[in-house]
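Asker: Need the 3D shape of this:
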Amino acid sequence: MEDDEELKRIREMKLRQMMEKMRETGRRGKIALNKPIVVTDATFNEVISGHPLVVIDCWAPWCGPCQMVAPILEELARDYAGKIIFGKLNVDENPITAMQFQVMSIPTLLVFKYGKLVDRVVGAMPRQKLELQITRYL
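Answerer: This next block holds a predicted model:
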């Protein structure tokens with residue numbers, strides 16, 4: 001159990017360092033993350049407030065539809081690097097954020113524009129439909 005907590009603390013510290021580096025890079029030029037980042041209760045506000053457009057995937061490892069959406073989000077993160085930040089929030093490990101945004105079903109994608117929730121997409125869907133839901137906020 002202690003090892004899990006230590007790994008969690010290290011992950012959060014590394015994410016904070018990465019976010020700070022991205023902010024510094026963002027001041028000089030475009031931020032380009034080409035894959036989803038892990039988001040936790042501790043880093044959630046920092047992630048959504050640090051970027052113009054952020055999509056948070058609320059998921060769990062046991063969720064079949066979540067597993068179907070994951071590769072689509074990987075592709076979208078690659079295709080929209082520098083325009084959209086994608087994050088993954090495991091709802092089992094991060095219940096505070098899930099409760100705050102009343103996530104009742106997974107997968108749920110929370111779309112934030114300048115730190116404000118602008119959309120919520122619930123359930124698995126094909127890439128084309130998901131992409132239209134998200135990119136209309138660019």
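Asker: From now on I want contacts and neighbour counts done on CA atoms only, so please keep to that.
Answerer: OK.
Asker: From the centroid of the protein, which residue is nearest?
Answerer: By Cα atoms, centre = their mean, the chain has its centre lying nearest to residue 87, at 1.6 Å.
Asker: Tell me if I'm right that residue 49 and residue 114 touch.
Answerer: Yes. Assessed by Cα atoms under 8 Å, residue 49 is found in contact with residue 114 at 6.2 Å.
Asker: Report the beta-bridge partners for the residue nearest to the centre of the chain.
Answerer: residue 37, residue 56 (DSSP bridges).
Asker: ok, what's across the strand from residue 112?
Answerer: Taking DSSP bridges as the rule, residue 112 bridges to residue 54, residue 117.
Asker: Tell me how far it lies from residue 49.
Answerer: Using Cα to Cα, to the nearest Å, one gets 9 Å for the distance from residue 112 to residue 49.
Asker: Ok, residue 71 next?
Answerer: The gap separating residue 71 from residue 49 is 25 Å, by Cα to Cα.
Asker: For the two, work out which one has more neighbours and name it.
Answerer: residue 49 (15 against 12; other Cα atoms under 10 Å).
Asker: Output the lowest mean pLDDT helix or strand found in this structure.
Answerer: When each helix and strand of the chain is scored by mean pLDDT, DSSP states H and E, helix 2-28 comes last, with a mean of 70.
Asker: Quick check: end-to-end length of stretch 50-65?
Answerer: Taking Cα to Cα, stretch 50-65 runs 29 Å from one end to the other.
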